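*Asks:* okay, here's the prediction I keep looking at, along with the sequence it came from:
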Amino acid sequence: QLQLVESGGGLVQPGGSLRLSCVASGQSLSRYAVGWFRQVPGKGREAVSCKDRSAEGPNYADSVKGRFTITRDNAKNTVYLQMNSLKPEDTAVYYCAADDYCWPRPDSFGSWGQGTQVTVSS
């Protein structure tokens, strides 16, 4: 069974950077599409970025395009989310999830991590 663990969250000032990691165990992450999502209290999970198994480029939410980058390191069974030029509105709990495809709906993803808090504040 695929298990996912996120790390790398924390408190950062506006304009700063963080790199989130999503480490998989139990199965090879190369078999899956992997997405990053975020959630703030009282709202549903928002898709941030997703990278499938193909050579095609990843997709990004309009709100993070040009600032966030998703990468995969299959040798380390890890997916990263590099977040630059962070804004207060990026504050959320960030989750990684995996499934066969980059589904448009978060609830279509079958495997989820526990989340990591990102707070952007001065």
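*Replies:* Nice, I can see it.
*Asks:* what mean pLDDT does stretch 98-116 have?
*Replies:* On average, the pLDDT along stretch 98-116 is 94.
*Asks:* in that stretch, which residues are buried?
*Replies:* 98-99, 102-103, 106, 109, 111-113, 115-116 (16 or more other Cβ atoms under 10 Å). C-betas here are computed from N, CA, C, even on glycine.
*Asks:* same deal with stretch 32-51?
*Replies:* Within stretch 32-51, the residues that count as buried by 16+ other Cβ under 10 Å are 32-38, 45, 47-51.
*Asks:* just flag the most distant two among those.
*Replies:* Using Cβ to Cβ, these span at most 19.4 Å, a distance reached by Tyr32 and Arg38.
*Asks:* and the closest residue to Thr116 other than its chain neighbours, what are its phi and psi?
*Replies:* In this structure, Thr116 finds its nearest non-sequential neighbour in Gly9, 3.4 Å apart by Cβ to Cβ, 6 or more residues apart in numbering. In terms of degrees, to the nearest 10, the main-chain angles of Gly9 are phi -70, psi 170.
*Asks:* I figured Cys102 hits Trp36, correct?
*Replies:* No: counting by Cβ atoms under 8 Å, Cys102 sits too far from Trp36 to count as a contact (10.8 Å).
*Asks:* quickly list what's touching both of these two.
*Replies:* The contact sets of Cys102 and Trp36 overlap at Cys50 (Cβ atoms under 8 Å, 6 or more residues apart in numbering).
*Asks:* so which strand or helix has the residue nearest to Arg19 when sequence neighbours are not counted?
*Replies:* With sequence-adjacent residues excluded and distances taken as Cβ to Cβ, 6+ apart, Arg19 is closest to Gln82, at 5.0 Å. For Gln82, the element it lies in under DSSP states H and E is strand 78-83.
*Asks:* list the buried residues for that strand?
*Replies:* Under 16+ other Cβ under 10 Å, the buried positions of strand 78-83 are 78-81, 83.
*Asks:* dump those into TSV; add distance to Leu18 and pLDDT as well.
*Replies:* Listed next are the buried residues of strand 78-83 as TSV, based on distance: Cβ to Cβ, whole Å; pLDDT from 0 to 100:
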residue	distance to Leu18	pLDDT
Thr78	15	97
Val79	15	96
Tyr80	10	97
Leu81	8	98
Met83	5	98
